[in-house]
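**Q** only geometry, no sequence info:
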């Protein structure tokens with residue numbers, strides 16, 4: 001069953017990356033996040049939007065698509081301290097960013113995306129009822145020389161009440177991105 005999931009995820013990722021054939025990946029990132037008895041490592045590829053909205057006083061709102069793959073590690077599997085749960089996720093998120101017109105310096109961003117987990121999350125009295133989750137984040141950061149982007153994020157994952165229980169989890173993380 002899990003092998004079929006990964007085949008589906010790889011096919012889906014290849015189809016999404018197929019968009020990159022027409023428009024190459026603009027940046028890649030590595031993120032680390034932690035919450036209550038859970039840690040996450042995430043790699044991602046980003047595709048910038050060419051649109052600029054509300055351009056004024058040298059700043060504007062734009063954004064990017066973020067296609068991510070993450071590994072999660074819970075340290076209280078089935079509410080048993082010391083028992084670990086490892087699962088993976090793949091997600092796609094449209095992210096809106098308020099930034100300077102030259103894309104350097106400080107920024108604010110936020111996004112809401114769709115994620116698929118490899119198995120049900122069951123950690124520290126929080127049991128997800130679906131593998132499908134929404135992930136949202138707000139973040140701040142700084143871009144150096146239009147290449148290196150360092151940011152801080154607060155993330156939340158839940159199924160938005162599609163099925164009960166829906167405890168959700170919160171993570172705080174750091175992210176480093178490099179633009180091509």
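**A** Sure, I can see it. If you're wondering where the values come from, they're calculated on a predicted model, not measured in any experiment.
**Q** show me the shaky parts of this structure.
**A** 1-23 (pLDDT under 70).
**Q** swap the cut-off to 50 and go again
**A** The chain contains residues with pLDDT under 50 at 1-3, 5-6, 19-22.
**Q** helices along this protein, start to end?
**A** With helices called from DSSP state H, the chain shows them at 2-22.
**Q** show me what contacts the residue nearest the centre of it?
**A** Central residue of the chain (Cα atoms, centre = their mean): residue 68, 5.8 Å from the mean position. Under the criterion of Cβ atoms under 8 Å, 6 or more residues apart in numbering, the contact list for residue 68 reads 31, 42, 43, 44, 89, 90, 91, 92, 93. All C-beta spots, glycine's among them, are computed from the backbone N, C-alpha and C.
**Q** and the residues you listed, which two are furthest apart?
**A** Largest separation among the contacts of residue 68 by Cβ to Cβ: 31 and 92, giving 15.1 Å.
**Q** neighbour count winner among these two?
**A** A direct count of neighbours by other Cβ atoms under 10 Å for residue 31 and residue 92 places residue 31 higher, at 22 against 17.
**Q** what's opposite that one in the beta bridge?
**A** Per DSSP bridges, the residues bridged to residue 31 are residue 42, residue 175.
**Q** one more: residue 155?
**A** Note on residue 155: beta-bridge partners residue 137, residue 171, judged by DSSP bridges.
**Q** repeat that for residue 59.
**A** Note on residue 59: beta-bridge partners residue 56, residue 100, judged by DSSP bridges.
**Q** so it touches residue 97, yeah?
**A** No. Between residue 59 and residue 97 there is no contact under Cβ atoms under 8 Å: 10.3 Å.
**Q** ok, the two, which is more surrounded?
**A** Taking other Cβ under 10 Å, residue 59 and residue 97 do not tie; residue 97 has more neighbours (22 against 17).
**Q** give the contact list for that one.
**A** 61, 62, 63, 64, 107, 108, 109.
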